[in-house]
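Novice: sequence and computational prediction follow.
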Amino acid sequence: MAIGQPNQSTEEETTEGDDPDDDIVMSVDDARVQFGMSRGQAWVLNDVSLDVRREEILAVVGESGSGKSMFAAALMDAVEDPGHLSGDVTYYPREDESDETPSADQIGSYDAVGDDSIDVLGMSEGELDNFRWEEVSMVFQGAMNSFNPTMKIKGHFHETIQAHNAVLDERMEHVRNLFEALHLDPDRVMNAYPHELSGGMKQRALIALALVLEPEVLVMDEPTAALDLLMQRSIISMLRELRDEFELTIVFITHDLPLVAGLSDRIGVMYSFEFIEVGDTRSLLKDAAHPYTRALLRSVPSIESDIDEMEPIEGARPDPVNIPTGCSFHPRCPVADDRCEIEDPDLVSVGDDHQTACFYSDQARNELSYSLDHGTTED
Ligand SMILES: Nc1ncnc2c1ncn2[C@@H]1O[C@H](COP(=O)(O)OP(=O)(O)OP(=O)(O)O)[C@@H](O)[C@H]1O
Ligand code: NI
């Protein structure tokens, strides 16, 4: 395709994987979060559609304020006021292999939209409270200090288990397995008060707490941001094992792209409150197709790159009250033209299991360079 010639985009294109057999655990369709400000209506999640695949590790990356935490909150209907969430969020419980009956029936109390799916935004507060521990659990941004300082770690586990009427001995046995996978000494940590633990230990204990009722999906919002690099890397390496051992799906939210390069199966890049590129980690890092993703990869430090090769992304971040028309990245984009100011590109396929929302991804790939001496090489 000649440079400057736009890709064809169609309404039908979505972020769904190329493989129709992909087992989807959650799907988000046309999710929007809107709130009124004195300056006008603000959109902090702008028509987002994305499928989360069962047992994948999906990294959600983007600059501060791009909507990553909003997306996480949307997954469990936890958007706080004044934000108002609309659209659809659907959860697909694992089918019981020994039985044709979908496990949605076994879960029982939730409202199912179909035989085997659950309408997350249609649940009552009580249903949501169970859902958030038993199906889709979350480690919130900055939650490391959310432990009650006057209660031993053990107490937090007991409290959660009892609040959900689960069998204490059974659950505590599971917790021992979780602790082992997270390289925590159960006796020592359980009997400690929060302040007696290092940041890394507290964060791992929090991850174990999120998994105590065996959810299918674990959403983690910047779970390692407050820790030193060594501890970050060590937790990251435990997460893959945790996923394998407990058959988890992990949605890992971070502003730190190199950190998740060796962890995730797929990466979704958010810009201006929506996904602008989604793809298989290897393909996305090697051959990023969106000018923003390429700029992001150029702006991150790597072990070998010189500090002067790093280029911060120029221009102001989008304002939720004043999202640019057309492609929201156009004011900062080196390859944008008139079309980009008017038309909003949909996500279209740009490779195997790789979609991007840009009319000029060929041009971006040809003209915008970045070096890749981090990430995929360190599996
Ligand atoms: N409860 C809320 N209601 C409305 N808007 C909100 C609410 N919470 C945050 N926002 C706004 O939503 C936008 C997106 O915020 P969000 O927290 O999702 O960004 P983020 O990508 O997670 O950033 P960071 O990396 O700094 O955590 C921001 O402009 C923020 O001010
Ligand atoms: Ni956030």
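Specialist: That came in fine, so what should we check first? Ligands and ions are numbered 1, 2, ... in the order given.
Novice: make it CA atoms for all contacts and neighbour counts henceforth
Specialist: Noted.
Novice: tell me the buried residues in stretch 319-339?
Specialist: Judged by neighbour count (16 or more other Cα atoms under 10 Å), stretch 319-339 contains these buried residues: 320-321, 323-324, 327-333, 335-336.
Novice: ok, residues contacting it?
Specialist: 37, 39-44, 271-272, 291-292, 313-316, 318, 340-345, 358, 360, 363-364 (Cα atoms under 8 Å, 6 or more residues apart in numbering).
Novice: can you give me the helices in this protein?
Specialist: 68-75, 103-107, 125-134, 153-163, 168-181, 186-190, 199-210, 229-246, 257-261, 281-286, 291-299, 338-342, 361-367 (DSSP state H).
Novice: closest to ligand 1 out of the buried residues of stretch 319-339?
Specialist: Nearest to ligand 1 among the buried residues of stretch 319-339 is Pro320, at 5.8 Å by Cα to the nearest ligand atom.
Novice: for Ala210, see how far away that closest one is.
Specialist: Distance of Pro320 to Ala210, given as Cα to Cα, to the nearest Å: 31 Å.
Novice: kindly report the same for Glu127.
Specialist: 17 Å.
Novice: which residue is the nearest non-sequential neighbour of Val348?
Specialist: Spatial nearest neighbour of Val348, chain neighbours left out: Gln355 (5.0 Å); criterion: Cα to Cα, 6 or more residues apart in numbering.
Novice: partner residues bridging that neighbour?
Specialist: Val278, Ser349 (DSSP bridges).
Novice: residue contacts, it?
Specialist: Thr15, Glu277, Val278, Gly279, Leu347, Val348, Ser349.
Novice: picking up where we left off before, in JSON lines: the helices of the chain, plus mean pLDDT and distance to ligand 1.
Specialist: Compiled in JSON lines, the helices of the chain are given as follows (pLDDT from 0 to 100; distance: least, Cα to the nearest ligand atom, whole Å):
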{"stretch": "helix 68-75", "mean pLDDT": "96", "distance to ligand 1": "4"}
{"stretch": "helix 103-107", "mean pLDDT": "46", "distance to ligand 1": "29"}
{"stretch": "helix 125-134", "mean pLDDT": "94", "distance to ligand 1": "17"}
{"stretch": "helix 153-163", "mean pLDDT": "96", "distance to ligand 1": "25"}
{"stretch": "helix 168-181", "mean pLDDT": "95", "distance to ligand 1": "27"}
{"stretch": "helix 186-190", "mean pLDDT": "95", "distance to ligand 1": "29"}
{"stretch": "helix 199-210", "mean pLDDT": "95", "distance to ligand 1": "17"}
{"stretch": "helix 229-246", "mean pLDDT": "93", "distance to ligand 1": "16"}
{"stretch": "helix 257-261", "mean pLDDT": "89", "distance to ligand 1": "12"}
{"stretch": "helix 281-286", "mean pLDDT": "95", "distance to ligand 1": "19"}
{"stretch": "helix 291-299", "mean pLDDT": "91", "distance to ligand 1": "14"}
{"stretch": "helix 338-342", "mean pLDDT": "97", "distance to ligand 1": "22"}
{"stretch": "helix 361-367", "mean pLDDT": "95", "distance to ligand 1": "24"}
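Novice: quick one: those helices as CSV, columns for distance to Ile24 too.
Specialist: As requested, the helices of the chain are arranged in CSV below (distance: least, Cα to Cα, whole Å):
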stretch, distance to Ile24
helix 68-75, 14
helix 103-107, 15
helix 125-134, 17
helix 153-163, 28
helix 168-181, 25
helix 186-190, 34
helix 199-210, 21
helix 229-246, 16
helix 257-261, 21
helix 281-286, 18
helix 291-299, 25
helix 338-342, 32
helix 361-367, 27
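Novice: any quick PyMOL command for the buried ones out of the contacts of stretch 319-339?
Specialist: In PyMOL syntax, the buried subset of those is picked out as below (16+ other Cα under 10 Å):
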select buried, resi 42+43+44+271+272+291+292+313+318+340+341+344+345+358+360+363+364
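Novice: from the contacts of stretch 319-339, which land in strands?
Specialist: Met37, Gly40, Gln41, Ala42, Trp43, Val44, Tyr271 (DSSP state E).
Novice: so the third one makes contact with Phe35?
Specialist: Yes - assessed by Cα atoms under 8 Å, Gln41 is found in contact with Phe35 at 5.9 Å.
Novice: the closest residue to Leu257 other than its chain neighbours and Phe140: what is the separation?
Specialist: Once flanking residues are discounted, Leu257 sits nearest to Val61: 6.3 Å by Cα to Cα, 6+ apart. Distance, Val61 to Phe140, using Cα to Cα: 16 Å.
Novice: those two: which is more packed in?
Specialist: Here Val61 and Phe140 are compared on neighbour count by other Cα atoms under 10 Å; more neighbours surround Val61, at 25 against 20.
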